[in-house]
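Chemist: Dropping the sequence and predicted coords here.
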Amino acid sequence: MDRTAVNPWPWSLNFGYNQAEKLDAVTQQLVCAGQTSVDAEGSPQHAGDMRSQIALALDNLEAVLEAADMGLADVVRLTIYATDVDEALANFDVLGARFGAAQVQPPMTLLGVTRLAMAPLMFEIEATAAR
């Protein structure tokens, strides 16, 4: 797969994402459900701790990707939901470190929501991966 960043304006690069990405010669696509801060049994973890919730949600996303023989470098789209956008942004370095290490800046959207599926959860990340 060939991946070309599309940025008519460069401001989003300061936030770690591209405005769009053009994908050519895609042979596989994986659409992931939203991943949150839950353990292997689906029980919420790290109530009240946004930073830890982001880290575990990313761990869970990486586990789903790995189960499909993919990784963060294959992620081409993110949608992030947070019950406290300011707190999520204050801890976005966790997200940036993971995707930075994978050397990708997938297009993303961050949405503030009043709550997620389970009340203790504060952060959810959906991803689409391709190669």
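Modeler: Happy to help now that I have it. Residues are numbered from 1 along each chain as shown.
Chemist: Can you check what pLDDT the model gives residue 63?
Modeler: On the pLDDT scale, residue 63 is placed at 97.
Chemist: Near it, how many other residues are there?
Modeler: By other Cβ atoms under 10 Å, 11 other residues sit near residue 63. C-beta: built from backbone N, CA, C; applies to glycine.
Chemist: Repeat that for residue 12.
Modeler: Other residues within reach of residue 12, judged by other Cβ under 10 Å, total 17.
Chemist: Name the spans of the protein whose pLDDT lies under the cut-off.
Modeler: Applying pLDDT under 70 to the chain flags no residue at all.
Chemist: any chance you could map the helices in it?
Modeler: Listed in chain order, the helices of the chain (DSSP state H) span 50-67, 85-90, 92-101.
Chemist: The longest one vs helix 92-101, what angle?
Modeler: What it means is helix 50-67. If you take axes from the mean of the first three to the mean of the last three Cα atoms, to 10 degrees, helix 50-67 sits at 30 degrees to helix 92-101.
Chemist: List the contacts of helix 50-67.
Modeler: Defining contact as Cβ atoms under 8 Å, 6 or more residues apart in numbering, one finds that helix 50-67 is touched by 30, 32-33, 35-38, 45-46, 71-72, 74-75, 82, 84, 87-88, 90-92, 94-95, 98, 121-125, 127, 129.
Chemist: what's the span of stretch 31-40, first residue to last?
Modeler: With Cα to Cα, to the nearest Å as the measure, the ends of stretch 31-40 fall 20 Å from one another.
Chemist: Tell me the buried residues in it?
Modeler: Along stretch 31-40, these residues count as buried under the neighbour rule (16 or more other Cβ atoms under 10 Å): 32, 34, 35, 36, 37, 38.
Chemist: Which two among the residues you listed are spaced furthest apart?
Modeler: The two members of those with the most space between them (Cβ to Cβ) are 32 and 37, at 15.3 Å.
Chemist: still on that earlier bit, report the buried members of the contacts of helix 50-67.
Modeler: 30, 32, 35-38, 45-46, 72, 74-75, 82, 87-88, 91, 94-95, 98, 121-125, 127, 129.
Chemist: Inside strands: which ones of the residues you listed?
Modeler: Secondary structure defined by DSSP state E assigns 30, 75, 82, 123, 124, 125, 127, 129 of the buried ones among the contacts of helix 50-67 to strands.
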